[in-house]
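> sharing a model prediction with you, sequence too.
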Amino acid sequence: MTNHQLLGPQPAKPIERTLVLARELAQVLEIEFQALQAQDLDRFEQLQAGKTDLLVELTRLCPAATELQTDPDWQDVREQLAQSRDAHRRNAVLIERKLEAIRGALQSLQASGGTSTVEVYDRLGQVARFSRSRGYQEA
């Protein structure tokens, strides 16, 4: 889904090209949401480079903020970008909720007493050891 493959041939006018890229960004954000829901972190991470490329290209093609906001020719682009902003926020909320659930689980493991260690996996799949009493030491 990278290199702007979703919607076929590239339009000649910058405004049309920008709209195509904005729609592609919305599709990437939807796929990102589905990957987050399925907890498919590999797929989620694969999407990040393409999403970044899209954002860089959109930034390059979009006019100054005042023109983007006031020129009626850019209305469709504005609407598509607003939808993408909302989709990005939705994805961020989902990520934050999942992180909160993980933090809560770790806290319950740490607070369950004893000084034994708890093995958990870090982001890279490596075993990280945490002392259960560590929470008391930090307090």
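Thanks, I have it. Numbering: from 1, shown residues only.

> packing partners for the strand or helix carrying Leu19?
Using DSSP states H and E, Leu19 falls within helix 14-37. In terms of contacts (3 or more C-beta pairs under 8 Å, 6 or more residues apart in numbering; DSSP states H and E), helix 14-37 is packed against helix 41-61, helix 75-111. For glycine as for every other residue, the C-beta is placed from the backbone atoms N, C-alpha and C.

> in the last one, what counts as buried?
Under the neighbour-count criterion of 16 or more other C-beta atoms under 10 Å, helix 75-111 has 77, 80-81, 84, 87-88, 91, 110 buried.

> circling back to that earlier point, what about the helix holding Leu19, average pLDDT?
Here helix 14-37 scores 96 as its mean pLDDT.

> check stretch 74-94 too.
In this model, stretch 74-94 has an average pLDDT of 96.

> gap between that stretch and the chain center?
12 Å (C-alpha atoms, centre = their mean, to the nearest Å).

> which ones are touching Asn91?
Contact partners of Asn91, counting by C-beta atoms under 8 Å, 6 or more residues apart in numbering, are 29, 32-33, 36.

> hmm, try it at 10 Å
29-30, 32-33, 35-37, 44 (C-beta atoms under 10 Å, 6 or more residues apart in numbering).

> please indicate which of these are buried?
Counted by 16+ other C-beta under 10 Å, these give 29, 32-33, 35-36, 44 as buried.
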